[in-house]
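A.B. asks: when you get a sec, could you give me coordinates for this:
(chains A and B)
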Number of protein chains: 2
Amino acid sequence: MSSKGMLIVLSGPSGVGKGTVRQAMLEKSSVQFDYSISMTTRNMRPGEQDGVDYYFRTKEEFENEIKNDGMLEYANYVGNYYGTPLKYVNEKLEAGIDVLLEIEVNGAMQVREKMPDGVYIFLTPPDLSSLRNRITGRGTDDSATIDRRMETAKSEIEMMKHYDYAVVNDEIPLAVEKIEEIIRSEHLRVPRVIDKYKKIIGDN
Amino acid sequence: MSSKGMLIVLSGPSGVGKGTVRQAMLEKSSVQFDYSISMTTRNMRPGEQDGVDYYFRTKEEFENEIKNDGMLEYANYVGNYYGTPLKYVNEKLEAGIDVLLEIEVNGAMQVREKMPDGVYIFLTPPDLSSLRNRITGRGTDDSATIDRRMETAKSEIEMMKHYDYAVVNDEIPLAVEKIEEIIRSEHLRVPRVIDKYKKIIGDN
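C.D. replies: Below is the predicted model of the structure:
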């Protein structure tokens, strides 16, 4: 059956603006999808809310979920766990609802192995200098951290080849439009719709 | 190199309205592409022009092209040859220009073998009754011909599985918009753009 929802994975180098694009997509909503909220052990930042920005959990709670096969993917990044609870994603997909994940590159690769039918979108910086600006622009990290992130970003761009699509995040509304077009087009992919058409022939 | 043009193959059952959709795309042109004019041995219909609607050729001329490997694909349909001259397509793709083919199902399968990197779009009728209306609506053919076309159409819908996308031709502007979104999204596919990104890393 192809009436299951579609998994959409938005990923890309750290600092490229995944969260901003995801937020813009949630606000614009010209395509329908549910956002899968990640789980993390990092500290809550000012303005963030538990169950909205992330599920904020202790290290012990997170490791329990891992043990119980409750995570679709997870990673340890700069000393903290980040991951996607499996239950919510499966429920929505089974109900025919598209689910958007916004996750780091390593996590996306784990998801790809488990859910190869998903749509894997790699968000890229217009160039690496602007990536550096975005990374440093946050203004909360020391220069060793920034350099390490930069090297990570280069290797992550090498990981682009494991994705289906690459979308440049030069202007948020443009990136959002491209992602929405990708989602709509993917819904027209033959493996996703052929059962519906077979039914039309059968019904006639 | 990924700076080559993209081959876009628009195909589907006989009578589904491929020509009308193609014409609407040429007139709208919110995406850029060149249309590859087919070659045929069938008689010119009122209003058609050689070199615009088709290259109209004699059977002998067409068979010469086949012998000289000059055809990307061809088929014999209701007693006449239809096909795509190879030379034009290759020249445009090499020059970085997208090329649209609007061809029958058998021809599309031949092209797919030779050019697997193309984008294969299957235009479908909303349902088979409306397909029958479209086939009979032309009003120029007897009922045996119409029945044969109907059976052909059913088997062609079975061939959908060899395509990348299925687009319903319920309303022409909607079908055109979907095809344009597919084309724009396909231009964001990683295999088509990764070399460009590798260059960005290299240049930095």
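A.B. asks: flag the shaky bits of chain A, pLDDT-wise.
C.D. replies: Along chain A, segments meeting pLDDT under 70 span A:1-2, A:127-135, A:137-138, A:152-153, A:156-157, A:197-204.
A.B. asks: tell me where it has strands.
C.D. replies: Secondary structure of chain A (DSSP state E): strands at A:7-11, A:34-35, A:39-40, A:55-56, A:71-77, A:80-85, A:99-102, A:119-124, A:165-168.
A.B. asks: which one of these lies nearest to chain B?
C.D. replies: Among the strands of chain A, the nearest to chain B by Cβ to the nearest Cβ is strand A:165-168 (4.6 Å). Bear in mind the C-beta positions are built from the backbone N, C-alpha and C, glycine included.
A.B. asks: how about the CA coordinates for that closest one, as CSV?
C.D. replies: Coordinates of the C-alpha atoms in strand A:165-168 are reproduced here as CSV (Å, rounded to 0.1, in the frame of the first residue of the first chain):
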residue,chain,number,x,y,z
TYR,A,165,18.5,16.3,-3.0
ALA,A,166,20.7,19.3,-2.3
VAL,A,167,19.1,22.6,-1.5
VAL,A,168,21.1,25.8,-1.1
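A.B. asks: report all helices and strands that it contacts.
C.D. replies: Counting contacts by 3 or more Cβ pairs under 8 Å, 6 or more residues apart in numbering or on different chains; DSSP states H and E, strand A:165-168 is packed against strand A:119-124, helix A:172-186, helix B:190-203.
A.B. asks: any residues touching it, and which ones?
C.D. replies: With contact meaning Cβ atoms under 8 Å, 6 or more residues apart in numbering or on different chains, strand A:165-168 is reached by A:119-126, A:160, A:175, A:178-179, A:182, B:185, B:188-190, B:193-194, B:197.
A.B. asks: find the nearest non-adjacent residue to the residue nearest the centre of chain A, please.
C.D. replies: Centre of chain A computed as the mean C-alpha position; nearest residue by Cα atoms, centre = their mean is A:E102, 2.2 Å away. Using Cβ to Cβ, 6 or more residues apart in numbering or on different chains and skipping the chain neighbours, the partner closest in space to A:E102 is A:R22 (4.2 Å).
A.B. asks: what's the answer for A:K87, then?
C.D. replies: Residue nearest to A:K87 in three dimensions, not counting chain neighbours: A:G70, with 6.8 Å by Cβ to Cβ, 6+ apart.
A.B. asks: can you tell me how far the one you found is from A:L86?
C.D. replies: Note on A:G70: its distance to A:L86, by Cβ to Cβ, to the nearest Å, is 6 Å.
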